[in-house]
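[1] have a look; sequence and predicted model below, questions after that.
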Amino acid sequence: MYNPFSLEGKTILVTGASSGIGRATAIECSRMGAKVIITARNEERLKETLEQLEGDDHCMILCNLADTLAIDGLVSNLPEIHGLVNNAGFTKLSLLQFVKEEDLKSIFQVNTIAPVLLFQKLLKKKKIKKGASIVFTSSMAGLGCTSVGNSMYTASKGAISAYIKTAALELAPKSIRINAICPAMVNTGILEGGSVTKEQLKEDMKQYPLGRYGDPYDIAWAMIYLLSDASSWITGTNLILDGGLTLK
């Protein structure tokens, strides 16, 4: 059956695949026929993701992307890939006057430096096939839709949203496409057990015209689009997924 979104015959690397958007993306890639390589720090949760992948020949590689040497090891163990989902990341809230240098460095290391270095090392080791698609997970925060106390995360994601523009321009002659997904609030485990109550979350959802936060699979399906040949004329784009938030 004809399917322009098929990933049959493609090998896709997904980072941050132990939960949330990364896990959903890995699962959907497998459903679309890709051979999926997943990586994250948490072995137990990564195994849970691996068990949910459809089909055969998938594999997992433990890696702490905050460690540059670990990135080298990951790259050396990889085959050539047709797609990369650079998804690992985290946030920490702090008002400007209380921002700590160590927190700033940690957030930039994981959200900005690690994905950029991983991509660079894959290029240098010729692990990225011609015609490949690279997708970074940025954020609406990185495009200026931010909030009080979120300066570190906003800056780290803003750097990614800017970086993909130059990367896309440089690699277009090799038919390697570079894009970013920019979600607004997504209902992942990061919202569970926090200081915000369910009532407060429901109230916050009212600002979204579609009436809800995103689901990890909403983001995964957009990832599939950008990884597939259906998006073969799209590069250097920050794709917004925000439930209509920025319409207001």
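    Cool, the structure landed.

[2] what is the end-to-end distance of stretch 48-63?
    For stretch 48-63, the first-to-last residue distance is 16 Å (Cα to Cα, to the nearest Å).

[3] residue ranges for the strands of the chain, please.
    Assigned by DSSP state E, the chain shows strands spanning 11-15, 35-40, 59-62, 81-86, 128-137, 177-183, 238-241.

[4] need those strands in a markdown table (columns: mean pLDDT).
    Below are these laid out as a markdown table (pLDDT from 0 to 100):
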| stretch | mean pLDDT |
| --- | --- |
| strand 11-15 | 99 |
| strand 35-40 | 98 |
| strand 59-62 | 98 |
| strand 81-86 | 98 |
| strand 128-137 | 98 |
| strand 177-183 | 98 |
| strand 238-241 | 98 |
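
[5] now tabulate the ones you listed in JSON lines and tack on distance to Leu53.
    For the C-beta atoms, the positions are set from N, CA and C on the backbone; glycine is no exception. Formatted as JSON lines, the strands of the chain follow (distance: least, Cβ to Cβ, whole Å):
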{"stretch": "strand 11-15", "distance to Leu53": "10"}
{"stretch": "strand 35-40", "distance to Leu53": "6"}
{"stretch": "strand 59-62", "distance to Leu53": "9"}
{"stretch": "strand 81-86", "distance to Leu53": "14"}
{"stretch": "strand 128-137", "distance to Leu53": "18"}
{"stretch": "strand 177-183", "distance to Leu53": "20"}
{"stretch": "strand 238-241", "distance to Leu53": "23"}
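
[6] of all those, which lies closest to Asn150?
    Nearest of these to Asn150, taken as Cβ to Cβ: strand 177-183 at 14.2 Å.

[7] that older thread, need the strands of the chain in JSON lines with mean neighbour count and distance to Ala167, can you?
    Below are these laid out as JSON lines (neighbours: other Cβ atoms under 10 Å; distance: least, Cβ to Cβ, whole Å):
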{"stretch": "strand 11-15", "mean neighbour count": "27", "distance to Ala167": "16"}
{"stretch": "strand 35-40", "mean neighbour count": "26", "distance to Ala167": "20"}
{"stretch": "strand 59-62", "mean neighbour count": "17", "distance to Ala167": "23"}
{"stretch": "strand 81-86", "mean neighbour count": "25", "distance to Ala167": "11"}
{"stretch": "strand 128-137", "mean neighbour count": "22", "distance to Ala167": "8"}
{"stretch": "strand 177-183", "mean neighbour count": "25", "distance to Ala167": "4"}
{"stretch": "strand 238-241", "mean neighbour count": "18", "distance to Ala167": "12"}
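
[8] this completes my enquiry, with thanks.
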